[in-house]
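S.K.: Generate a structure from the sequence data that follows.
(chains A and B)
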Number of protein chains: 2
Amino acid sequence: MTPIHHYHNDDKVMVAVDCIIFGFDSEGLKILLIKRGFEPEKGKWSLMGGFLKKEENLDQAADRVLKKLTGISNIYMEQLRSYSKVDRDPVERTISVSYFALINKDDHDIDLTKEYDAQWFNLKELPQTIFDHPEMIERALNVLRRKAVTYPLGFELLPEKFTMRQLQDLYECILGQELDKRNFINKVNSLDILIKLNEKDKSTSKKGAFLYKFDVEKYQAKSHEGFSLKIA
Amino acid sequence: MTPIHHYHNDDKVMVAVDCIIFGFDSEGLKILLIKRGFEPEKGKWSLMGGFLKKEENLDQAADRVLKKLTGISNIYMEQLRSYSKVDRDPVERTISVSYFALINKDDHDIDLTKEYDAQWFNLKELPQTIFDHPEMIERALNVLRRKAVTYPLGFELLPEKFTMRQLQDLYECILGQELDKRNFINKVNSLDILIKLNEKDKSTSKKGAFLYKFDVEKYQAKSHEGFSLKIA
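M.R.: Numbering: from 1, shown residues only, chains lettered A, B, ... in the order given. All right, here's what the predicted structure looks like:
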């Protein structure tokens, strides 16, 4: 074979994917981490990740990794950014591409098996993570914050039926600040993407709080066209 | 050495960067392309690209490639996305990371040398480009369109002094649609980022058109906080 200019075997590197999986429950906004199963940094907390294989593209690698480590499949993931610091992985030069996902914790029966030691961590109590994973998490959180005020995100993170308080809790967790209740309700109502149900959640008060659902059609239109929700 | 689990030499791939360089002049919005200098697809039009080297990260690779092919350095580039289709490069599995840049054509004395055959192409008359470069260009253009209505972009693409007509031309090129003149001027004035000069451009009419400069401080504040410019 004629040697081909510019393609040098020596320049080849490992490529990995790392997934930042956000979930939400009554305790707050959480990220799913695993205990890394191999050296270096074996036993340390890590984003869900793995190496790209010859026969798959990056999206497929992210799907495979998530499925293998949690049993979850068919969720929406979005590519965020490639990390390429020369010495980010001490064993081999590895470029890692981060992925971002939002999942509804109630709908996904996550297989938090002993094998991989997957665990949800509250954003406020994240353990130390390996390599440049803190930077990946920080950037994913910034994307989540930016998206939260330009696209509706609740659908992906909330249970099917939810109270206005839960929606506000979610936004307060994402934005990292308390929001004025009346102001928040007005802004959300002006978006016109909720259906008020004739049903109450009585778990937190005797009087109960009305439950809401997203109006899927209107929600999807807003997801597509975007909006500007200056809440604070 | 102990063999290290999970790191397989066979999984290593080439990594490249490809730069989408936007420029603007009286003829419209343009992209800088080069004639690819090596096989496969030698002689075909291509984004400015090159392979990642061992001792550099992706940002550095993008800087190096741009400098080598055009003589331009120190411009702002932003990482966009990794492309990883298994057979996107027929010679070797190559992951390519796209970068996006806006340059002021007047300020950059681009070395469009014979050696690399760099050439500006109007977006409306792009030649066929290699591999998945059309997809990379399309995505970069979408990012440019989205940014144009949420951040001020003129500074990067316009000469220091410009007419309101030039600014509108720029936005019309980016958004791909004609804009109502009065409406556009009102929206732009409401952003309060321009300084009207006591000076006219008389190249296009006898009466002349006032020249403007960006108010750098206000412009940078808006660049940071963003805005919502629904022009259409």
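
S.K.: What is whichever strand or helix holds residue A:49 packed up against?
M.R.: For residue A:49, the host element (DSSP states H and E) is strand A:48-51. With contacts taken as 3 or more C-beta pairs under 8 Å, 6 or more residues apart in numbering or on different chains; DSSP states H and E, strand A:48-51 sits against strand A:14-25, strand A:28-35, helix A:58-70. From N, CA and C alone the C-beta is placed, and that goes for glycine too.

S.K.: Excluding chain neighbours, what is closest to residue A:44?
M.R.: Closest residue in space to residue A:44, ignoring its immediate chain neighbours: residue A:130 at 5.0 Å, by C-beta to C-beta, 6 or more residues apart in numbering or on different chains.

S.K.: contacting residues for that neighbour?
M.R.: A:36, A:41, A:44-46 (C-beta atoms under 8 Å, 6 or more residues apart in numbering or on different chains).

S.K.: Distance from the chain centre to the least confident helix or strand in chain A by mean pLDDT, please.
M.R.: Every helix and strand of chain A was ranked by mean pLDDT, DSSP states H and E. The lowest is helix A:216-225, at a mean of 79. Using C-alpha atoms, centre = their mean, to the nearest Å, the mean C-alpha position of helix A:216-225 is found 20 Å from that of the whole chain.

S.K.: List the buried residues of it.
M.R.: Neighbour counts over helix A:216-225 (16 or more other C-beta atoms under 10 Å in any protein chain shown) mark A:219, A:222-223 as buried.

S.K.: do the same with stretch A:167-176
M.R.: Under 16+ other C-beta under 10 Å, the buried positions of stretch A:167-176 are A:167-174.

S.K.: Please see if it touches chain B.
M.R.: No. Remark: stretch A:167-176 sits outside contact range of chain B, by C-beta under 8 Å from any C-beta of the partner chain, the gap being at least 15.0 Å.

S.K.: Looking at that stretch now, give me its mean pLDDT.
M.R.: Across stretch A:167-176, the average pLDDT comes to 91.

S.K.: cool, and stretch A:38-56?
M.R.: 92.

S.K.: CA atoms only: put that stretch into PDB for me.
M.R.: Once non-C-alpha atoms are left out, stretch A:38-56 reads as follows in PDB (Å, rounded to 0.1, in the frame of the first residue of the first chain):
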ATOM      1  CA  PHE A  38     -10.500  -0.300  36.800                       C
ATOM      2  CA  GLU A  39      -7.200   1.400  37.300                       C
ATOM      3  CA  PRO A  40      -6.100   4.200  37.500                       C
ATOM      4  CA  GLU A  41      -8.400   5.700  40.100                       C
ATOM      5  CA  LYS A  42     -10.200   2.400  40.700                       C
ATOM      6  CA  GLY A  43     -12.900   2.700  43.300                       C
ATOM      7  CA  LYS A  44     -13.100   6.500  43.000                       C
ATOM      8  CA  TRP A  45     -16.300   8.300  42.000                       C
ATOM      9  CA  SER A  46     -16.600   8.900  38.300                       C
ATOM     10  CA  LEU A  47     -19.100   9.900  35.600                       C
ATOM     11  CA  MET A  48     -20.600   7.000  33.700                       C
ATOM     12  CA  GLY A  49     -18.100   6.500  30.900                       C
ATOM     13  CA  GLY A  50     -16.300   4.100  28.600                       C
ATOM     14  CA  PHE A  51     -14.200   3.900  25.600                       C
ATOM     15  CA  LEU A  52     -15.400   4.300  22.000                       C
ATOM     16  CA  LYS A  53     -15.300   1.000  20.100                       C
ATOM     17  CA  LYS A  54     -14.300   0.600  16.400                       C
ATOM     18  CA  GLU A  55     -17.800  -0.200  15.200                       C
ATOM     19  CA  GLU A  56     -19.800   2.600  16.800                       C
END
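
S.K.: List the buried residues for it?
M.R.: Buried, per 16+ other C-beta under 10 Å, within stretch A:38-56: A:41, A:44-52.

S.K.: which ones are touching residue A:67?
M.R.: Shown in contact with residue A:67 (C-beta under 8 Å, 6+ apart): residue A:73.

S.K.: Can you list the low-confidence ranges for chain A?
M.R.: A:1-5, A:107, A:109, A:111-115, A:224, A:226-232 (pLDDT under 70).

S.K.: Okay, strands next: where are they in it?
M.R.: Secondary structure of chain A (DSSP state E): strands at A:14-25, A:28-35, A:45-46, A:48-51, A:77-83, A:94-102, A:119-122, A:162-163, A:194-201, A:209-214.

S.K.: Would you mind giving those as TSV with distance to residue A:182 added?
M.R.: Output for these, formatted as TSV (distance: least, C-beta to C-beta, whole Å):
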stretch	distance to residue A:182
strand A:14-25	23
strand A:28-35	23
strand A:45-46	40
strand A:48-51	40
strand A:77-83	33
strand A:94-102	27
strand A:119-122	28
strand A:162-163	16
strand A:194-201	16
strand A:209-214	15
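
S.K.: Next to chain B, which bits of chain A? Give me the list.
M.R.: Taking C-beta under 8 Å from any C-beta, the part of chain A that reaches chain B is made up of A:4-8, A:10-15, A:38-39, A:50-59, A:79, A:81-82, A:84-86, A:91-93, A:95, A:97, A:228.

S.K.: Name only those of those that count as buried.
M.R.: A:7, A:11-15, A:50-52, A:57-59, A:79, A:81-82, A:84-85, A:92-93, A:95, A:97.

S.K.: What is the longest helix of chain A by residue count?
M.R.: helix A:133-148 (DSSP state H).

S.K.: Any chance you could list what contacts that one?
M.R.: Contacts of helix A:133-148 (C-beta under 8 Å, 6+ apart): A:18, A:20, A:22, A:31, A:46-47, A:80-81, A:83, A:96, A:98, A:100, A:102, A:123, A:126, A:128-129, A:153, A:171, A:174-176, A:229.

S.K.: do stretch A:83-95 as well
M.R.: A:13-16, A:39-40, A:51, A:82, A:96-98, A:131-132, A:135-136, B:4, B:7, B:15, B:52, B:54-59, B:95, B:97.

S.K.: Give me the angle between the least confident helix or strand of chain A and strand A:209-214.
M.R.: 60 degrees (axes from the mean of the first three to the mean of the last three C-alpha atoms, to 10 degrees).

S.K.: would you put the C-alpha positions of helix A:216-225 in CSV?
M.R.: Extracted in CSV, the C-alpha atoms of helix A:216-225 (Å, rounded to 0.1, in the frame of the first residue of the first chain):
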residue,chain,number,x,y,z
VAL,A,216,-47.6,17.8,25.5
GLU,A,217,-48.4,19.6,22.3
LYS,A,218,-47.8,23.1,23.6
TYR,A,219,-44.8,21.9,25.5
GLN,A,220,-43.2,20.5,22.4
ALA,A,221,-43.9,23.7,20.4
LYS,A,222,-42.2,25.7,23.2
SER,A,223,-39.4,23.2,23.3
HIS,A,224,-38.9,23.7,19.6
GLU,A,225,-39.2,27.5,19.4
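
S.K.: quick check: angle from it to strand A:194-201?
M.R.: Using the same axes, to 10 degrees: helix A:216-225 against strand A:194-201 is 130 degrees.

S.K.: Other residues contacting helix A:216-225?
M.R.: With C-beta under 8 Å, 6+ apart, helix A:216-225 has contacts from A:151-152, A:155, A:191-193.
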